[in-house]
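Engineer: Pasted the sequence and its predicted model underneath.
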Amino acid sequence: MEAKKYPTQFPHGLMFHRVHREVSSPSGQGSITDKEFEHILCYVGIENILSSDEWLYKLKHNKLNANNVCITFDDGLKCQYDICLPILEKYNIRAFWFVYSSVFEGKWEKFQIYSYFGTKYFSNVNEFFNLFLSRCEESLLDQLNGHKFKRYAQETQILSPFYSINDLKFRFLRNELLSKEEFENIIDKIIEDRGVILQEIAKNLWLSNQELKILSEKGHCIGLHSYDHPWQLSALPYQEQLNEYARNYNHVKRICNKEITAMSHPINSYNTLTLKVLSQLGIVCGFRSNMVPPIGKKINPSLLEIAREDPANILRNNINF
Ligand SMILES: [Zn+2]
């Protein structure tokens, strides 16, 4: 592999979600392979990657350098533990694991189940998107020709240039046109038609409390990511935001029995009330979900708003991997 340098101008995290083994079927957007994960670590530079404890120490003492990077995992997924943990251990790196608590209590969150289903049970993600589109009513599909979709696509592609046109259509229908119930009815029917049982998928999707405890005991940092991962946390009133993070805090504290000082914002959704809630809970390090400064602010404007890079962008810019 050509030794090209990873450009860093400010300290930030790398934000990982779903991962899969290279031997398995292609998993489309949103999932990277074990090999890609290791390549990304090497490309970024093992010497630039700080373990979570070192990152927090330097952050608190204002000693982070522009080239400092840390590894973060969102959503508490089992694949992260199974696939990435051995690679992290090979390089002696401890990471941040930001978990939301509802799934540890058996309350499945359908978004992750759907995402897994869409990539695991189709030969490629476009096949899934096409089936989804074919299940939507004509009147909805007509709106994909309108200017509202055009504007949505343009705005979304600025932050996530790796989304395909089908991906954009899918997200637009889900986020802007369908109600949660309508969306879930369509997907649940597709899952049922495939003869797949929702419970079977859910069973192995998320970390268990036992695995969370093991990670913590190995020196990794377990942090907050809300209680049940709302679509738009910033739309909630103060008390509900506090509830989201306090329940999450209590769960992680009960399992790990350590000081909790880090978090990441689910779907990058937060406002000044959220930052207040987090400060009240003693959180000192919070991560955003992109490398773009919040509107009207500089990059990394506060310790609770630190930038993170999506590895999909790194892969996109380094297709030689
Ligand atoms: Zn998340």
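Structural biologist: Received, thanks.
Engineer: now stretch 93-107, how far from the centre of its chain.
Structural biologist: Relative to its chain's centre, stretch 93-107 lies at 11 Å (C-alpha atoms, centre = their mean, to the nearest Å).
Engineer: wait, stretch 190-202
Structural biologist: With C-alpha atoms, centre = their mean, you get 23 Å for stretch 190-202.
Engineer: now do the same end-to-end measure for that stretch.
Structural biologist: Distance between the two ends of stretch 190-202: 16 Å, counting by C-alpha to C-alpha, to the nearest Å.
Engineer: That one: which residues count as buried?
Structural biologist: I190, I191, L198, I201, A202 (16 or more other C-beta atoms under 10 Å). Any C-beta I mention is one placed from the backbone N, CA and C, and that applies to glycine too.
Engineer: Among those, name the ones in helices.
Structural biologist: Counting by DSSP state H, the buried residues of stretch 190-202 place I190, I191, L198, I201, A202 in helices.
Engineer: Among those residues, which one lies nearest to the ion?
Structural biologist: A202 (16.4 Å; C-beta to the ion).
Engineer: helix/strand/coil for the residue lying closest to the closest one once chain neighbours are set aside?
Structural biologist: Sequence neighbours aside, W108 is the residue nearest to A202 in space, at 4.5 Å (criterion: C-beta to C-beta, 6 or more residues apart in numbering). Put simply, W108 is coil when judged by DSSP: H, G, I helix; E, B strand; the rest coil.
Engineer: cool, and the one 10 residues further on?
Structural biologist: With three-state DSSP as the basis, the three-state label of G118 is helix.
Engineer: Bridged to F287, which residues?
Structural biologist: Using DSSP bridges, the bridge partners assigned to F287 are S264, I306.
Engineer: Can you get me a residue count around it?
Structural biologist: Counted by other C-beta atoms under 10 Å, the residues lying close to F287 total 24.
Engineer: Equivalent analysis for E155, please.
Structural biologist: E155 - counted by other C-beta under 10 Å - has 9 other residues nearby.
Engineer: Give me the distance between it and L178.
Structural biologist: According to C-beta to C-beta, to the nearest Å, E155 and L178 sit 19 Å apart.
Engineer: do the same with T72
Structural biologist: Counting by C-beta to C-beta - T72 and L178 are separated by 30 Å.
Engineer: Compare those two (neighbour count), which wins?
Structural biologist: Shown here are T72 and L178; by other C-beta under 10 Å, T72 has more neighbours (25 against 17).
Engineer: I'd like the distance between that one and the ion.
Structural biologist: From T72 over to the ion the distance is 11 Å, taken as C-beta to the ion, to the nearest Å.
Engineer: what helix or strand is that residue on?
Structural biologist: strand 69-74 (DSSP states H and E).
Engineer: Tell me the helices and strands packed up against that strand.
Structural biologist: strand 12-16, strand 49-50, helix 52-60, strand 96-99 (3 or more C-beta pairs under 8 Å, 6 or more residues apart in numbering; DSSP states H and E).
Engineer: Return the most buried member of these.
Structural biologist: Most buried of those by mean neighbour count (mean count of other C-beta atoms under 10 Å) is strand 96-99; its value is a mean of 27.
Engineer: which residues sit against that one?
Structural biologist: Here strand 96-99 makes contact (C-beta atoms under 8 Å, 6 or more residues apart in numbering) with 13, 52, 55, 70-76, 80, 207, 212, 215, 220-225, 248, 252, 262-264, 287.
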